[in-house]
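1. compute the structure for the input listed below.
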Amino acid sequence: MGFWLFGKKKKTPGPVSADRGLLVFENTSEVIRAEALLKSRGWNIRVMGPPPELRTGCDLVIEFPLMEELDVIRLLRGAGASLPLSVVPVNSPLLTPVDLFQIKDFGDFIMVRAANMKLTVEKATRTIVNVSGGGCPDVPFLAVRLIGKTLDDAPHPREIGHTLCGYALALAFEEMGRQCSQ
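-> Numbers count the residues shown, from 1 in each chain. Have a look, this model is predicted:
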């Protein structure tokens with residue numbers, strides 16, 4: 001199973017051009033490490049779901065201009081990170097990545113879905129009322145640690161989760177923070 005990484009460097013303003021590429025990695029850990037490395041070096045990364053035609057399970061994607069492929073490879077190699085298994089140019093609308101977030105407003109409550117994880121919050125108090133989704137072994141643990149706490153008081157899922165579900169919940173948690181501050 002391959003995991004996909006798309007990237008966009010911060011100094012490239014505006015929307016990504018049609019000349020995009022996909023970096024294919026061996027596993028989720030390599031994708032997460034590459035994302036953290038790119039962010040730490042000034043890349044503006046947006047995590048998304050893979051296009052349906054490329055989906056192989058719990059994949060993640062990040063937009064990446066193909067013109068910057070050599071810079072990405074040099075950065076990964078220089079940091080001792082895993083190199084992608086392959087680079088695939090996006091030359092079809094069918095290969096467009098899918099927005100990772102789905103937001104549903106239920107009036108008093110709001111739910112953010114990131115990949116396969118859902119986080120629901122009571123808007124008036126910013127209290128987490130539900131955590132659901134995924135199939136990773138740490139999901140029940142994450143739910144127990146988060147439910148009943150406010151967004152400000154809850155531990156960040158990235159600090160306590162160690163699986164792809166924990167990572168997706170961390171993305172939902174961050175997006176929920178943005179949604180509740182609007």
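2. longest helix of this protein?
-> The residue-count maximum for a helix in the chain (DSSP state H) belongs to helix 164-180.
3. give the rounded mean pLDDT of it.
-> Helix 164-180 comes out with an average pLDDT of 92.
4. in terms of secondary structure, what does that helix contact?
-> helix 28-40, strand 101-105, strand 109-114, strand 117-122, strand 127-133, helix 139-146, helix 157-160 (3 or more C-beta pairs under 8 Å, 6 or more residues apart in numbering; DSSP states H and E). Every C-beta, even on glycine, is put in place using the N, C-alpha and C of the backbone.
5. and the angle for it with strand 101-105?
-> Interaxial angle, helix 164-180 versus strand 101-105 (axes from the mean of the first three to the mean of the last three C-alpha atoms, to 10 degrees): 50 degrees.
6. okay, buried residues for helix 164-180 please.
-> The neighbour-count check on helix 164-180 (16 or more other C-beta atoms under 10 Å) flags 164-176, 179-180 as buried.
7. likewise stretch 26-37?
-> Using 16+ other C-beta under 10 Å as the test for burial, stretch 26-37 gives 28, 30-35, 37.
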